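1. Fold the following for me, if possible:
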Amino acid sequence: MNSPLIKQRGNFTVEFSIVGVFLSLLIVFTGDLIMKLSMKGKLERLSYSIASVIKERTQLFEEEEYAVDDDQAKEAYQIVVNSLNRSMGHFDQNDFGFDLKVRQRSYYGLGNQLIEVSNWNSATTLGVGLACPGVTPGVNLLFQTSWGRSATLYQVTLCYRSTNWFGSLFGKDYSLVAANAFTLAR
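-> Got it, this is the predicted structure:
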């Protein structure tokens, strides 16, 4: 006996399974996105804060040398790692990358080249974590100060490899979250 009630149950099961697959994909995508946005917010706040700290330290304690030495960069790295350890329960230092670049413009702000005054990366220097290269800023970000020298640009790039729930379903890697902060010396 083929009653209409049995046919409707079959239609409902097929429709529910199709909707269930899309609903589960939406939940996985949303969960993954929320975790990445939370991580990006933490990294952006930390990168801006540590760039400001580095800028102020070089401005206050150094007279004419605006380079960041290895010890100052290690201190900045340790401050960021300690902060992430406190704010995240599952922080893994091997999934974290820290990159610090100090740049000036050639010929005291009048040239068309960026000169790296100092460059420090946690993966190459300490052998820990991710190689996290920052973006190269445009030359027009740097200008000549009223004292006739090139303004110094401090760039901090932080990156972290987070979970990849949505990407693993489709064979893609969406796990890297990165944040850049730029600040100019006075």
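2. Name the SS class of residue 40, please.
-> Three-state call for residue 40 (DSSP: H, G, I helix; E, B strand; the rest coil): helix.
3. Quick one: residues contacting it.
-> By Cβ atoms under 8 Å, 6 or more residues apart in numbering, the residues touching residue 40 are 177, 179. Just so you know, the C-beta spots here come from the backbone N, C-alpha and C atoms, and that holds for glycine as well.
4. measure it to residue 82 for me?
-> According to Cβ to Cβ, to the nearest Å, residue 40 stands 20 Å off from residue 82.
5. Also residue 21?
-> Using Cβ to Cβ, we find residue 21 at a distance of 43 Å from residue 82.
6. now residue 26
-> As judged by Cβ to Cβ, residue 26 and residue 82 stand 37 Å apart.
7. With residue 53 instead?
-> Look at residue 53 and residue 82: by Cβ to Cβ, they are 13 Å apart.
8. Compare those two and say which one has the larger neighbour count.
-> The neighbour comparison of residue 53 against residue 82 (other Cβ atoms under 10 Å) goes to residue 53, with 18 against 11.
9. helix or strand for the more buried one, which one?
-> Assessed by DSSP states H and E, residue 53 sits inside helix 4-61.
10. do residue 90 as well
-> For residue 90, there is no enclosing helix or strand under DSSP H and E.
11. Leaving out sequence neighbours, find the closest residue to the residue nearest the centre of the chain.
-> Among the residues of the chain, the one closest to the centroid is residue 178, at 2.0 Å (Cα atoms, centre = their mean). Spatial nearest neighbour of residue 178, excluding adjacent residues (Cβ to Cβ, 6 or more residues apart in numbering): residue 159 at 3.9 Å.
12. give the contact list for that neighbour.
-> Contact analysis of residue 159 by Cβ under 8 Å, 6+ apart lists 43, 96, 97, 99, 130, 132, 176, 177, 178, 179.
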